[in-house]
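**Student:** Need a 3D model of the sequence below.
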Amino acid sequence: MTRAIKPITSLTNERVKAIRALEMRKERKETGLFLAEGASIIMTARTAGFRPETLVYRAGALETETQRRLVDTALDDGAEVLEVSGAVLEKLAAKDNPQTMLATFRQRWASLPEPKAVPPHALWLALEDIRDPGNLGTIIRTADAVGAAGIILVGQCTDPYSREAVRATMGSIFNVPIVAVERNTFLTWVPHWPGDTVATTLDAREDFRIASYASPVLLMMGSEGPGLSTAMAAIATRRVKIPMTGKLDSLNLAVATAILLYQLRGPELKL
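**Tutor:** Coordinates of the predicted model:
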């Protein structure tokens, strides 16, 4: 096993430069790769059927059985395994709460589901022009928690495979199918949806808690500032609102989405 591990101490090593370049969306798009940090998230990836292209760990940091097993299985799978110095890892890992192990994976993008094939009790989530990677990552994590069937990114959304978004998912990026489509493509597809398409709008009159939803449900949420576009809101079969009695009239997008997801999935969630 040791012979297949490549030791790296130079900050100018080409492999180090290539991994660092994944910070840029252009590089992620061109290579189809992304970076995930932490042994627990890498283990989640393996459980979900993802295999690392490259596994990186800090020299002397294989302190747990999980870490050692991840190195062994990566080598068995034919992945590139790099043992790097602390200085190199510092260049590759996030600045806040840096991990001692990280890996690159190949991105997976799903296609729009065939409406006629969507299971009766499925819940899909569509996000339009969401810009904050932390919000997106948190939403992906929540969608995973409630067992949502997948997420559709509509229009100009932030990259779900950015470092910030992946980290905020806490591993759920490996469990939730992600679709990315142009707005016009989505608007052409939606009318074939067999259940309710639900939109949250400020001018809605219906309380989301008492509305009756026809399954399968497609929940549509807009961007952090403007909310859903007029075109997206217009195609909804049901418009609902989260009632608020405080002085603000809106919630953080990730919070609002979580409230709706748990309401919609309530009947399916069991302890």
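**Student:** Could you say which helix or strand holds A36?
**Tutor:** For A36, the enclosing helix or strand under DSSP states H and E is strand 33-37.
**Student:** Output that strand as PDB - backbone C-alpha positions only.
**Tutor:** What follows is strand 33-37 as a C-alpha-only set of coordinates in PDB (Å, rounded to 0.1, in the frame of the first residue of the first chain):
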ATOM      1  CA  LEU A  33     -14.500  17.500 -10.500                       C
ATOM      2  CA  PHE A  34     -15.100  19.000  -7.100                       C
ATOM      3  CA  LEU A  35     -13.600  18.900  -3.700                       C
ATOM      4  CA  ALA A  36     -15.000  17.500  -0.400                       C
ATOM      5  CA  GLU A  37     -13.300  17.800   3.000                       C
END
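**Student:** State the paired neighbours of that strand in the sheet, together with their directions.
**Tutor:** Counting by DSSP bridges, the strands paired with strand 33-37 are strand 101-106 (antiparallel).
**Student:** Which SSE is immediately downstream of the strand it pairs with?
**Tutor:** That would be, after strand 101-106 and using DSSP H and E, strand 123-128.
**Student:** So what are the sheet partners of that next one and their directions?
**Tutor:** strand 150-154 (parallel), strand 217-221 (parallel).
**Student:** average model confidence for it?
**Tutor:** Mean per-residue pLDDT for strand 123-128: 98.
**Student:** Would you mind identifying the next helix or strand past it?
**Tutor:** Following strand 123-128 toward the C-terminus (DSSP H and E): helix 133-146.
**Student:** quick one: that next one to strand 123-128, angle?
**Tutor:** With axes from the mean of the first three to the mean of the last three C-alpha atoms, to 10 degrees as the basis, helix 133-146 and strand 123-128 are set at 170 degrees to each other.
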